[in-house]
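Undergrad: Kindly return the folded structure for what I paste below:
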Amino acid sequence: MCGAAYRPAEAKVLAETVENFLLHIRCGNCECAIISAVAITAMGVSSAGISTDLSFDEVNRFADAESVSTDDVIAAHDWLKSLTLA
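TA: Presented below is the predicted three-dimensional model:
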């Protein structure tokens with residue numbers, strides 16, 4: 001995020017298959033992290049990433065958590081809508 005170089009050897013593997021890796025990479029300079037999906041195919045290597053404030057351990061903990069359903073989102077919306085601001 002800050003433009004500092006990172007050390008690929010410090011990337012932590014969240015999940016992997018023969019040709020795919022899900023990595024957690026934290027910048028040692030600004031402490032921002034990226035979760036990156038890397039695919040290795042006959043055509044080459046491709047990747048996509050998303051920035052996160054989650055640590056490696058937090059990502060692993062949430063990986064096993066129950067998914068948020070549409071009903072959960074609607075319930076949260078209704079609850080927020082019911083709040084009155086003073």
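
Undergrad: residues near residue 78, how many?
TA: The number of residues packed around residue 78, counting by other C-beta atoms under 10 Å, is 9. C-beta here means a position set from N, CA and C on the backbone, and glycine is covered the same way.

Undergrad: That one - that's part of a strand, no?
TA: No. The assignment for residue 78 (DSSP: H, G, I helix; E, B strand; the rest coil) gives helix, which keeps it out of a strand.

Undergrad: Flag the shaky bits of the protein, pLDDT-wise.
TA: Counting by pLDDT under 70, the low-confidence segments of the chain come to 1, 85-86.

Undergrad: you'd agree residue 71 is in a strand?
TA: No. Applying three-state DSSP, one finds residue 71 to be helix, outside a strand.

Undergrad: Count the residues that sit near residue 38.
TA: 17.

Undergrad: Can you list the strands that the helix or strand where it lies pairs with?
TA: Per DSSP states H and E, residue 38 falls inside strand 33-41. In the sheet, strand 33-41 lines up against strand 20-26 (antiparallel), strand 44-52 (antiparallel) (DSSP bridges).
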